[in-house]
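Q: here's my sequence, what's the structure:
(one chain, ligands or ions: 1)
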Amino acid sequence: MTARSQALDMLRAVARKDSSSRIVHQFAVDPGRIERMGVEAAGLYLDLSKQSWSAEGFEAALDLARTCDVEGRRAALFGGEVVNNTEGRAVLHPALRAADDADFHALGEPVSKEVTATRDAIAQFATDIGSGAETGGARQPFTAIVHIGIGGSDLGPRLLWDALRPLEPTIDLRFVANIDPRDMAEALSGLDPETTLVVVVSKTFTTQETLANAELAKAWLSESLSAKRLPRHLVGVTAAPDKAEAWGCGRTFGFRDWVGGRYSLWSSVSLSVAVALGWDVFERVLDGARAMDEHFLTADLEKNAPVLLALAQIYNVEGMGRNARTVAPYAHGLRRLPAFLQQLEMESNGKRVKRDGSAVDTATGPVVFGEPGTNGQHAFFQQIHQGPTVVPAEFVVVGHTSDAAMDDREGDAPLWSNALAQAQALMVGKTEKEARAELIAAGASDAEADRLAPHKTFPGDRPSTTILMDALSPEAVGALLALYEHKTFVEGVVWDINSFDQWGVELGKVLAKAILKDVEAGEPGAGLDPSTAELMKRLMV
Ligand SMILES: O=P(O)(O)OC[C@H]1O[C@](O)(CO)[C@@H](O)[C@@H]1O
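A: Below you'll find the model as predicted:
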């Protein structure tokens, strides 16, 4: 039996023990719990003390991380070694937010100079658009940007914009991802082609949805702009610049294949956001992420925020058999965090084979879902509190959600008090005896109390993590997203899977192309299953 299997068995055994004692009781038997399970990192504070692990469980999880050589694998990632073994690539998104004097190497090739040069080019482009030095074909300044991209070429930049955009932005930035032409129609409505810049973002520059939307945007521009002027309104962001230029982009900004799509928001993929927010704001996002990189690289495992966040999830998934997690951001600006994490975590760790291709010997990435906190409370939290399935929760809490409220401490309390209350309610619950007593106190008869008390009982003992950020600053947003990236990496190390490929997305793409071919041929293909054929027949009329 390998050391890793032994450590996994130990974790499972301690977790079985822990599942018979309630979280709330752990505080009494472990006076150091808050200190042990609270961690500061890059301006964030993580409270993991409402997780199901005891002090012994916490140690078993740390032993597992040590046994899986998380520190060695971390060094391999930052060292630019082949970490994405099925594509033979380094994984170096931290290089994108490193200091200018950094010296990262990808598979031995120095890359930091190129990263700095690209950053400078983006900064200059942002400045030139802001000053009006960079204009459209008719020499008018750009006032709107349409960012076209999907998956990692959309979710990160869109989250940044939602989180950091000013109330009245100087640039009207709009995002298009869905191949449903309605998405593009809504984005273009009210815009003037003369003053609109279209940014086509695609690492591969082969993605069906993005190219279809880019064609729509190009057609819309072409109705007003001459062929000579058109390229000034088309910018490509890609790891395949040749394809973008061949398609008609007047200018391209690149990034390399050692940047995974879902880890790419730090690169030129966020060009449109860097322009609309201003380079100085985007640079602060990079600063925040770099601070989290430095914490991840230097903090001991027992005080390492991404490591502990990963281990809490592994403890729930592997120790407690809980294969879902709900993420509740208590800030309107972070409303797209659940969607961002769905790609980051589920596309990274939704795997059934290990790095060597053999079947996994653990459960791997859970289903991640969520909504902004108070919205979720009035939607699916019923199930989180009283459903038979225990769903670990994660509350991302912002002390001050906007600069305006900075001096109005009371202003944000209604928001964050809800987050704290939800975490407390999940842990403490309410016994049937307590529910019955409340009913009686409210004047209910014994019979009525007996009838209703079971419905008003909360099992409690439901785990959660709370992540506190003082304000929704660019640094804090950068640190938060980098925290989740490293957490996802650590989980992949412990589950011994490749977190950086996504072969699972390919079959659907191939079959979609085949179905389109059949549509062009005018009938469902002979080899199609009867269900798909029937649906096609109904849709093709
Ligand atoms: O940036 P691209 O190459 O258009 O890919 C978009 C997205 O599609 C995926 O490849 C999944 O299909 C994601 O990994 C990626 O973020």
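
Q: around the ligand, which positions in the protein sit nearby?
A: 150-153, 202-204, 207, 210, 261-262, 347, 502, 505 (C-beta under 6 Å from any ligand atom). Heads up, the C-betas are built off the backbone N, CA and C, glycines and all.

Q: now those residues as CSV including distance to residue 90, neighbour count and pLDDT?
A: Shown next, in CSV, are the residues of the chain next to the ligand (distance: C-beta to C-beta, whole Å; neighbours: other C-beta atoms under 10 Å; pLDDT from 0 to 100):
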residue, distance to residue 90, neighbour count, pLDDT
150, 24, 21, 98
151, 21, 20, 98
152, 17, 25, 98
153, 20, 29, 98
202, 21, 28, 98
203, 15, 24, 98
204, 18, 13, 98
207, 23, 22, 98
210, 25, 25, 98
261, 15, 26, 98
262, 16, 26, 98
347, 19, 22, 98
502, 17, 21, 98
505, 21, 10, 98
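
Q: closest to residue 240 among those residues?
A: Nearest to residue 240 among the residues of the chain next to the ligand is residue 204, at 6.0 Å by C-beta to C-beta.

Q: need the contact list for residue 359.
A: 352, 353 (C-beta atoms under 8 Å, 6 or more residues apart in numbering).

Q: returning to that earlier point: how about the residues of the chain next to the ligand in a markdown table, adding secondary structure?
A: Below are these laid out as a markdown table (DSSP: H, G, I helix; E, B strand; the rest coil):
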| residue | secondary structure |
| --- | --- |
| 150 | coil |
| 151 | helix |
| 152 | helix |
| 153 | helix |
| 202 | coil |
| 203 | coil |
| 204 | coil |
| 207 | coil |
| 210 | helix |
| 261 | helix |
| 262 | helix |
| 347 | helix |
| 502 | coil |
| 505 | helix |
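
Q: need the residues you listed in JSON lines (columns: distance to residue 51).
A: Below are the residues of the chain next to the ligand laid out as JSON lines (distance: C-beta to C-beta, whole Å):
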{"residue": "150", "distance to residue 51": "34"}
{"residue": "151", "distance to residue 51": "30"}
{"residue": "152", "distance to residue 51": "29"}
{"residue": "153", "distance to residue 51": "34"}
{"residue": "202", "distance to residue 51": "39"}
{"residue": "203", "distance to residue 51": "35"}
{"residue": "204", "distance to residue 51": "39"}
{"residue": "207", "distance to residue 51": "38"}
{"residue": "210", "distance to residue 51": "39"}
{"residue": "261", "distance to residue 51": "31"}
{"residue": "262", "distance to residue 51": "26"}
{"residue": "347", "distance to residue 51": "25"}
{"residue": "502", "distance to residue 51": "29"}
{"residue": "505", "distance to residue 51": "32"}
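
Q: ok, so of these, who is nearest residue 439?
A: Using C-beta to C-beta, these come closest to residue 439 at residue 347, 47.2 Å.

Q: can I assume the closest one is in contact with residue 262?
A: Yes - look at residue 347 against residue 262 with C-beta atoms under 8 Å: they come within range, at 5.6 Å.

Q: what do the two both touch?
A: Common neighbours of residue 347 and residue 262, counting by C-beta under 8 Å, 6+ apart, are residue 151.

Q: can I see the domain layout of the protein?
A: Using automatic domain parsing, the domain ranges for the chain come out as 3-23+36-80+285-401+459-496, 93-284, 428-458, 504-540.

Q: just how off-centre is the longest one within its chain?
A: Looking back up the chat, that one is domain 3-23+36-80+285-401+459-496. 12 Å (C-alpha atoms, centre = their mean, to the nearest Å).
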